[in-house]
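J.: Return a 3D structure for these sequence lines:
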Amino acid sequence: MDRQTLMARRGVAAVGVLIVVILLVLLFRGCLDARKENAMEDYANRSAELMRESKLEGDALFELLQSEGGTDQVVEIQNDLNAYRVSSSERVDRARGLDVPDEVSAAQGYLLDVLELRRDGLALTADAMRTALGDQDRREGTEDVTEAMQVFLASDTIDMARFRPRLREALEEEELSMPRFPTDTFVPDVEWLDAAFVADQVNALRSGTGGATDEDAAPGLHGNGLAAVTLGGTTLTPGATGTTVQLTGDLAFEVQVQNQGENTETDVNVVVSVGEGDDAIELEEAIDTIAVGEIQTVTIPLTEQPPTGQNVPITVEVDAVPGEQMTDNNVQEFSVIFTR
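T.: Residues are numbered from 1 along each chain as shown. A predicted model of the protein is given here:
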């Protein structure tokens, strides 16, 4: 074989080797790309599964909070809430154990934020409902339930504004599609952010009238009325002006409420407003049970100092109970001059 032929054959062999190397490199890169895409798809599907589970748990929670309730259901309600607490904590652990490709690491951080907030909100709800359905500090427990709703709202915000957009961006860069996520938020309605609405739901759950409407109320007349209102020992007269009351450290309203219907009423809320507009002082207290014809006195301390030396409007109201039609005698308005 002459030298020229030898060199030609060596050149062909080198080209062949180079082609093989290039094919191996492309195959290796293709395998890496496929592996990365599979890992991203797996992460997306598993995170979506966790979010669907979380939403189902949220649906169960709000269904429970709107159930009929009653004193005989308190233990069962608490057991369900504790179960939600445990499962939500386990869900966070499962999220932490996911295989997270670098491309979705930002989304993973937000996913943990969402699930941790829901875990914390469920824990707060379980603790708060134990108090709200108990015999003491019911108002504080109900207020904590409202705070839990704010925690759930924060989880929805992070989910919709941070987690899903980051995940979608990472998937689209690899031309991958988003898996199926819940279409609705964890908090089903903005009314759950209203403290008064939450208080109504908790009171109804405690009294066994959850989900009840006027048509569901017991037969017969329902209704309460204001019998008398005193402040610091001074009887207040509706519509009168110039009534003076000296400010003291233990000044409190004494509100007499009479059951004027034909049914025993439970969780009757009494609200006192001192002043007007945004500066008004809002006070409230509840009557657990009031029998037919009974008059009960509710003591509501004046916890903040109102303006002095001027007429201050005061409104006292007994919230309507289920089935109550006439509410004309539920509200009285007064005017008081506070002095030192």
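J.: Please tell me how far the most centrally placed residue in the chain sits from A291.
T.: In the chain, the centroid-proximal residue (CA atoms, centre = their mean) is M149; its distance is 1.5 Å. Between M149 and A291 the computed distance is 34 Å (CB to CB, to the nearest Å). The way it works is simple: take the backbone N, C-alpha and C, and place the C-beta from them, glycine included.
J.: Poorly predicted segments of the stretch 151-300 of the chain, please.
T.: Along the stretch 151-300 of the chain, segments meeting pLDDT under 70 span 209-218.
J.: What ranges does this protein have for its strands?
T.: 224-231, 234-235, 243-246, 252-259, 265-274, 281-290, 295-301, 311-318, 331-339 (DSSP state E).
J.: how about CSV for those, with mean neighbour count added?
T.: Supplementary listing: the strands of the chain in CSV, determined by neighbours: other CB atoms under 10 Å:
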stretch, mean neighbour count
strand 224-231, 19
strand 234-235, 12
strand 243-246, 14
strand 252-259, 20
strand 265-274, 21
strand 281-290, 16
strand 295-301, 15
strand 311-318, 19
strand 331-339, 17
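J.: what's the closest of those strands to G69?
T.: strand 265-274 (11.1 Å; CB to CB).
J.: which residues touch A154?
T.: Residues near A154 by CB atoms under 8 Å, 6 or more residues apart in numbering: L117.
J.: E143 - how many residues pack around it?
T.: Counted with other CB atoms under 10 Å, residues neighbouring E143 total 17.
J.: What separation is there between the residue lying closest to it once chain neighbours are set aside and N329?
T.: Nearest residue to E143, sequence neighbours excluded (CB to CB, 6 or more residues apart in numbering): A195, at 6.9 Å. Noted for A195: a distance of 26 Å to N329, by CB to CB.
J.: again with V298
T.: 16 Å.
J.: cool, and V272?
T.: Counting by CB to CB, the separation of V272 from N329 is 16 Å.
J.: same thing with R10?
T.: To N329, R10 is 111 Å away according to CB to CB.
J.: So these two - more neighbours on which side?
T.: Neighbours were counted for R10 and for N329 using other CB under 10 Å; N329 has more, 14 against 10.
J.: Send me stretch 147-167 as CSV with only the CA atoms.
T.: The C-alpha trace of stretch 147-167 is given here as CSV (Å, rounded to 0.1, in the frame of the first residue of the first chain):
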residue,chain,number,x,y,z
GLU,A,147,-56.9,35.1,61.9
ALA,A,148,-56.6,31.6,60.5
MET,A,149,-58.7,32.7,57.4
GLN,A,150,-56.1,35.4,56.8
VAL,A,151,-53.4,32.7,56.9
PHE,A,152,-55.3,30.7,54.3
LEU,A,153,-55.7,33.8,52.1
ALA,A,154,-51.9,34.3,52.2
SER,A,155,-51.4,30.8,51.0
ASP,A,156,-53.8,31.4,48.1
THR,A,157,-52.0,34.6,47.2
ILE,A,158,-48.6,32.9,47.1
ASP,A,159,-50.0,29.9,45.1
MET,A,160,-51.6,32.1,42.4
ALA,A,161,-49.0,34.9,42.2
ARG,A,162,-45.7,33.0,42.8
PHE,A,163,-45.8,29.2,42.8
ARG,A,164,-47.8,28.5,39.7
PRO,A,165,-46.3,31.3,37.5
ARG,A,166,-42.7,30.1,38.4
LEU,A,167,-43.6,26.5,37.7
